[in-house]
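*Asks:* Dropping a prediction and its sequence here:
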Amino acid sequence: MQVYKFGGASIATPERMQALLPIIQYGGSPLVVVVSAYGKTTNALEAIVASALEGKREEALQKIEALEAAHNTYAASLLSPKGFEELQPRLNEYYTEMHWAIDDAGLQSNDYVYDQVVCIGEILSTSIFSAYLNEQGMTNQWIDARDIIRTNEIYRDPVVDFEFSKAQVQKTMAPALAKHNIVVTQGFIGSTADNNSTTLGREGSDYSAALFAAMLPAVSVSIWKDVEGLLNADPKLFPNTVKIEEITYHEVIEMAYYGAQVIHPKTIKPLQNANIPLYVKCFLDSGLKGTVIKNTTDTFVYPPLIVLKKDQILLQITSRDFSFITEDNLSNLYNIFYGQHVKINLIQNAAISLVVCVDNRVDKIQSLVQELEKDYKVLKNDDVQLLTVRHYTPSILEELTKGRVILLEQKTRNTVQVVVK
Ligand SMILES: Nc1ncnc2c1ncn2[C@@H]1O[C@H](COP(=O)(O)OP(=O)(O)O)[C@@H](O)[C@H]1O
Ligand SMILES: N[C@@H](CC(=O)OP(=O)(O)O)C(=O)O
């Protein structure tokens with residue numbers, strides 16, 4: 001039993017979806033196919049939510065109409081006229097779900113509304129994918145991941161109830177696999193005990209694939225990307241990247257944690273716990289070997305692993321009464337960050353101040369700063385970047401920071417992190 005995860009890029013166009021057929025056909029079976037929304041659908045859904053939350057209902061409806069038309073065109077170009085006609089009522093149901101969800105704007109929390117709308121991207125893409133595979137003779141069972149992945153009610157950043165979800169996997173997914181050999185389901189989404197939809201965090205489909213794999217359990221997970229495997233840096237940001245053949249879970253968890261946008265940070269833990277290898281493969285050329293991420297006792301010499309996290313903000317937080325930033329202040333400050341759901345990417349403290357680097361999330365920073373300012377003075381340094389290099393050498397660090405202003409630097413034996421402007 002294997003799990004394949006196809007991200008938005010791999011199904012960005014109907015032609016790309018078509019090209020996945022041989023990958024699935026020769027992938028071995030049974031196979032769980034975990035799929036994201038196609039292309040940039042999630043961004044489009046976020047824009048719908050933003051309009052609805054700003055009270056611009058007409059604008060939101062226009063954007064929904066465009067999204068519906070795009071999905072209809074996508075489906076119609078893959079399916080026979082009969083197949084499309086059969087699928088249309090189902091797509092319409094999901095479009096209606098979206099309409100209802102935006103009507104909750106202002107009545108329910110913003111994060112709740114976001115999840116009810118944004119989850120539809122994956123529901124639509126998988127419905128089309130499943131129908132297309134069926135038409136092509138690859139009989140499969142479509143499963144709504146919201147019937148399986150149970151989460152708590154922290155919308156947009158929920159905690160998954162692993163044991164409950166695992167029982168659901170055994171009850172519904174395992175028998176469906178035994179019957180059809182192929183199950184098509186969604187990444188990124190789950191639901192609460194009250195059947196409200198939740199999303200697991202942007203780019204969370206990798207995490208879903210890992211959860212399904214650990215719960216079944218599967219022998220491996222393959223995530224299909226537009227790159228030849230895991231590289232030592234993002235090729236869109238750095239020239240001369242090198243592909244990594246094999247790498248430990250630990251190294252990848254560090255890379256993902258520091259912000260490498262190739263694998264969702266939560267993906268590794270369920271796989272490592274169940275000792276399931278993760279392959280990063282290229283959907284543009286499935287013959288390429290890719291990268292394997294697993295437990296190993298081998299010791300590798302890695303190239304410098306570089307992660308650049310853009311759109312960061314540096315906050316300098318100073319006690320108003322000149323009290324030292326020691327345990328009592330620190331625990332108070334950590335509680336504030338925790339309460340505001342803001343993750344600290346880098347932290348350094350001095351006598352009466354603390355400097356933290358966090359993602360510049362407009363929706364969160366304002367209320368965080370308001371809360372902090374009750375007891376502390378806060379200075380902001382906008383538009384900074386966080387550069388992390390594992391297995392660094394002095395020369396690579398010099399090369400990467402040339403011409404940049406270094407605002408903060410932290411080094412351990414293996415890792416260097418700098419906040420640069
Ligand atoms: N270390 C890395 N190795 C490979 N790709 C990386 C790395 N860091 C960032 N990326 C980026 O990840 C992209 C693939 O991931 P992504 O676009 O999220 O795929 P998906 O379709 O699954 O969402 C690549 O095009 C590349 O720009
Ligand atoms: N569609 C969601 C979940 C996801 O993981 O997508 P992708 O696999 O395309 O990164 C997002 O864009 O965040």
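*Replies:* Looks like it came in fine. Ligands and ions are numbered 1, 2, ... in the order given.

*Asks:* rest of the way, CA atoms for contacts and neighbours
*Replies:* Will do.

*Asks:* Which secondary structure state does Val369 sit in?
*Replies:* Secondary structure for Val369, judged by DSSP: H, G, I helix; E, B strand; the rest coil, is helix.

*Asks:* Identify the residue nearest it in space, chain neighbours excluded?
*Replies:* Val378 (7.1 Å; C-alpha to C-alpha, 6 or more residues apart in numbering).

*Asks:* again with Ile317
*Replies:* Ile317's closest residue in space is Val378 (C-alpha to C-alpha, 6+ apart), at 4.7 Å.

*Asks:* tally of neighbours for Phe300?
*Replies:* Phe300 has 10 neighbours, counted by other C-alpha atoms under 10 Å.

*Asks:* Quick check on it: phi, psi?
*Replies:* Dihedral pair for Phe300: phi -100, psi 150, per degrees, to the nearest 10.

*Asks:* separation between the closest residue to it other than its chain neighbours and ligand 2?
*Replies:* The shortest distance from Phe300 to any non-neighbouring residue, by C-alpha to C-alpha, 6+ apart, is to Ile247 (7.8 Å). The gap separating Ile247 from ligand 2 is 21 Å, by C-alpha to the nearest ligand atom, to the nearest Å.

*Asks:* same deal with Leu231?
*Replies:* Plainly put, Leu231 is 17 Å away from ligand 2 if you go by C-alpha to the nearest ligand atom.

*Asks:* CA-only coordinates of stretch 16-29 in CSV, if you can.
*Replies:* Provided in CSV are the C-alpha atoms of stretch 16-29 (Å, rounded to 0.1, in the frame of the first residue of the first chain):
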residue,chain,number,x,y,z
ARG,A,16,-0.9,18.1,-16.4
MET,A,17,-3.6,16.0,-14.8
GLN,A,18,-3.7,13.8,-17.9
ALA,A,19,0.0,13.3,-17.7
LEU,A,20,-0.3,11.8,-14.2
LEU,A,21,-2.2,8.8,-15.5
PRO,A,22,0.8,6.6,-16.2
ILE,A,23,2.3,7.6,-12.8
ILE,A,24,-0.8,6.2,-11.1
GLN,A,25,-1.2,3.3,-13.5
TYR,A,26,2.4,2.0,-12.9
GLY,A,27,2.6,3.2,-9.3
GLY,A,28,1.6,-0.2,-7.9
SER,A,29,-1.4,-0.8,-5.8
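
*Asks:* Tell me which residues touch the residue nearest to Ile317, please.
*Replies:* 315-318, 369, 372 (C-alpha atoms under 8 Å, 6 or more residues apart in numbering).

*Asks:* farthest pair in these?
*Replies:* In terms of C-alpha to C-alpha, those reach their longest pairwise distance at Thr318 and Val369, which sit 12.2 Å apart.

*Asks:* Which of those two has more residues huddled nearby?
*Replies:* Applying other C-alpha under 10 Å to Thr318 and Val369 shows that Thr318 carries more neighbours, namely 24 against 20.

*Asks:* Identify the bridge partners of that one.
*Replies:* Ser353, Lys377 (DSSP bridges).

*Asks:* Ok, Leu278 next?
*Replies:* Under DSSP bridges, the beta-bridge partners of Leu278 are Val221, Ile293.

*Asks:* Was I right to think it contacts Trp224?
*Replies:* No. Taking C-alpha atoms under 8 Å as the definition, Leu278 is not a contact partner of Trp224, at 10.8 Å.

*Asks:* per-domain residue ranges of this protein.
*Replies:* 2-294, 305-420 (automatic domain parsing).

*Asks:* looking at the ones you listed, which is buried most?
*Replies:* domain 2-294 (a mean of 19; mean count of other C-alpha atoms under 10 Å).

*Asks:* For the residue of the chain found nearest ligand 2, give me the pLDDT.
*Replies:* Using C-alpha to the nearest ligand atom, Glu203 is the residue of the chain that sits closest to ligand 2, at 3.0 Å. On pLDDT, Glu203 comes in at 91.

*Asks:* if I pick the nearest residue to it once chain neighbours are set aside, what's in contact with it?
*Replies:* Of all residues not flanking Glu203 in the chain, His264 sits nearest, at 6.1 Å (C-alpha to C-alpha, 6+ apart). His264 makes contact with 203-207, 256, according to C-alpha under 8 Å, 6+ apart.

*Asks:* Now with 10 Å, please.
*Replies:* When contacts are counted by C-alpha atoms under 10 Å, 6 or more residues apart in numbering, His264 touches 201-208, 252-253, 255-257.

*Asks:* do you know how far it is from ligand 1?
*Replies:* Look at His264 and ligand 1: by C-alpha to the nearest ligand atom, they are 8 Å apart.

*Asks:* Before I go, just wanted to say thanks for your time.
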